[in-house]
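Chemist: coords below, sequence missing:
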C-alpha cells in the first residue's frame, strides 16, 4: 500500500513536471514572481560579480604584462589607420545624407540603421550546462526588450531572451537552437562582399565552433574572412561582427557551401556588454 | 543529531549567489562549460541524509525551482524535479543507517550523476541538445561530479559543526 502511494505521487509529480516543462518552453514573458526573484538576486549578484571580476582580471593582466609592448605597437598602427578612415567616413556620411535628402528617403528609412548601444554589466552566469545564460543589469526599466542583440567590443554574444524590471537574461548565440520552430536564425554575410555571400549561422557544440550553412555555391568564402550579421529578416541589427572563417567546404547535399567560423566574442568571463537598440521600425 | 534548517537555508541562498557570481571567475576558460558545480544540490544531499527524506524532498524542490528561475533559458522545472527526486531518494535509502563521511561521498557521487543525467535527458527529450549521452557524460557530468565530491568532502566538517545540533532525543538512533 505504502509503495503504491509513493508510486502514485511520483507519477503525479512527473505529469506536473512535464506540464511545467512544456508550458515554460518557448515562452518569452515572465510572471511577477520570476521577475521579483531575478531582480532580488540580480542586485546581490552584481555586488559580488563585479569586484571579483576586477580582481581576477587584474591577475590575468599581470600574467600578460610582457605582451603589452607588442599590443601597444599594434594599437598605434590601428589608431593611425582609424584616423584616416574617419576622415573618409565623414565625407561618405555627408554625401550619403545629401543623397538621402535628394532621393526623398522617409524618416523611417533614414533612421533604420541608427543603432544605439547601451552599456550593461554582467552580474551572473547560469550553471545549467544545456541552457547557458548570462544575466545583465539592464531591464525593462531601461528600455530593454526581448530579442535585442548583445555584443562585446569583440563581437556578437547573444540575444536578450527574458526581461525583468531591472535585470535581463541573455541567451548566448552558442545556445540558439536551429531546430526550434520559433527560434531566430542569424543571417550572416561576409565583410566587404555583403552583396554576394549569405548564410545562416548556428553553433556546433561538439567542436565549439560556429557553422555558417546554406551559402550559395558561386559565393567565394575564404579562410580569414570576417563574418558579420546581414540584418536580413530584421531580427538582428546589421553589421555586428560574428567571427572569422576557419575552413570552408561543400555542404551536405553538394548544392551549398558550409563554413566553419571561429566566434570573435568570448562567452565566459564577461564583464561589460552592449545591448544594441535598433530604432523601433514597427511602430509608426 | 538535528539539522538547523533556518541556518541551512540562509547558507544555501548565499552559496547559490556564490555559485552564479563567483565560481564563473574561478573556473579556467577551457573548463568553463565542463565544471558547473551545483552547490544547493550538495547541501540538499546533506539535508536528505541528516534531516530525513521529507525535508530533503522539500529542500531539493525549493532550491531546484529557484535555480530553474535563475537559469531560465529554454525550459523551467528540470532542476526542481531532479533535486526533489534525489533529495527524497537519498533520504529514503539512507533511512536508519549510520551516516559517515563515506556515505555522504557516495550519496553525492550517485546523486550528482543521476541529477545531471536527468537534466540531460529532459533537454534531449525537448530536442534542445543534440549531444550524445556518452559525450555529455565525458564532457560535463563526470568532471562536475568529481568537483562536487571534492566540495562535499571539504564542507563536511563545517556542516557537521555549524549546521547540526547534537540533540539527545530519544528517537534519534544516530550517535555519530
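Modeler: Everything's here; your move. Predicted model, so just to flag it, every value in this text is computed and none were measured.
Chemist: in the chain, which spans are strands?
Modeler: By default, I'm working from chain A. Secondary structure of chain A (DSSP state E): strands at A:116-125, A:134-136, A:149-151, A:156-163, A:168-172, A:186-190, A:198-204, A:209-216, A:226-229, A:241-250, A:256-263, A:272-277.
Chemist: my question was about chain B
Modeler: For chain B, the strands defined by DSSP E occupy B:2-3, B:164-165.
Chemist: the first one pairs with which strands?
Modeler: Using DSSP bridges, the neighbouring strands of strand B:2-3 in the sheet come out as strand B:164-165 (antiparallel).
Chemist: tell me the residues of the stretch 101-250 of chain A that contact chain B?
Modeler: By Cβ under 8 Å from any Cβ of the partner chain, the residues of the stretch 101-250 of chain A that approach chain B are A:123-133, A:135, A:161-162, A:169, A:171, A:175, A:177, A:179-180, A:205-206. Where you see a C-beta, it was placed from the backbone N, CA and C, and this is true even at glycine.
Chemist: buried subset of those?
Modeler: Burial by neighbour count, judged by 16 or more other Cβ atoms under 10 Å in any protein chain shown, picks out A:123-133, A:135, A:161-162, A:169, A:171, A:175, A:177, A:205 from these.
Chemist: nearest to residue A:58, of the strands of chain A?
Modeler: Of all those, strand A:272-277 sits nearest to residue A:58, with 15.3 Å by Cβ to Cβ.
Chemist: what sits closest to residue 117 if chain neighbours are left out?
Modeler: Since no chain was named, I'll use chain A. In this structure, residue A:117 finds its nearest non-sequential neighbour in residue A:274, 4.3 Å apart by Cβ to Cβ, 6 or more residues apart in numbering or on different chains.
Chemist: oops, chain B please
Modeler: residue B:141 (6.6 Å).
Chemist: now swap in residue B:152 and tell me
Modeler: Residue B:152 sits nearest to residue B:108 (Cβ to Cβ, 6+ apart), 4.3 Å away.
Chemist: how about the contacts made by the one you found?
Modeler: Applying Cβ atoms under 8 Å, 6 or more residues apart in numbering or on different chains, we find residue B:108 in contact with B:42, B:45, B:148, B:149, B:152.
Chemist: so which of those belong to helices?
Modeler: Using DSSP state H, the members of the contacts of residue B:108 that fall in helices are B:42, B:45, B:148, B:149, B:152.
Chemist: rewinding a little: can you redo the strands of chain B as TSV with mean pLDDT?
Modeler: Output for the strands of chain B, formatted as TSV (pLDDT from 0 to 100):
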stretch	mean pLDDT
strand B:2-3	80
strand B:164-165	81
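Chemist: in CSV: those strands, plus mean neighbour count.
Modeler: Output for the strands of chain B, formatted as CSV (neighbours: other Cβ atoms under 10 Å in any protein chain shown):
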stretch, mean neighbour count
strand B:2-3, 16
strand B:164-165, 14
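Chemist: quick one: the helices in chain B?
Modeler: Using DSSP H, helices in chain B cover B:5-21, B:23-26, B:39-51, B:53-70, B:78-93, B:101-125, B:133-136, B:142-162.
Chemist: Throw those helices into a markdown table and include mean pLDDT, thanks.
Modeler: Putting those into a markdown table (pLDDT from 0 to 100) gives the following:
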| stretch | mean pLDDT |
| --- | --- |
| helix B:5-21 | 92 |
| helix B:23-26 | 87 |
| helix B:39-51 | 93 |
| helix B:53-70 | 93 |
| helix B:78-93 | 93 |
| helix B:101-125 | 92 |
| helix B:133-136 | 91 |
| helix B:142-162 | 92 |
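Chemist: among those, which comes closest to residue A:223?
Modeler: Per Cβ to Cβ, nearest to residue A:223 of those: helix B:133-136, 27.6 Å.
Chemist: so which elements touch the closest one?
Modeler: For helix B:133-136, the packing partners by 3 or more Cβ pairs under 8 Å, 6 or more residues apart in numbering or on different chains; DSSP states H and E come out as helix B:101-125.
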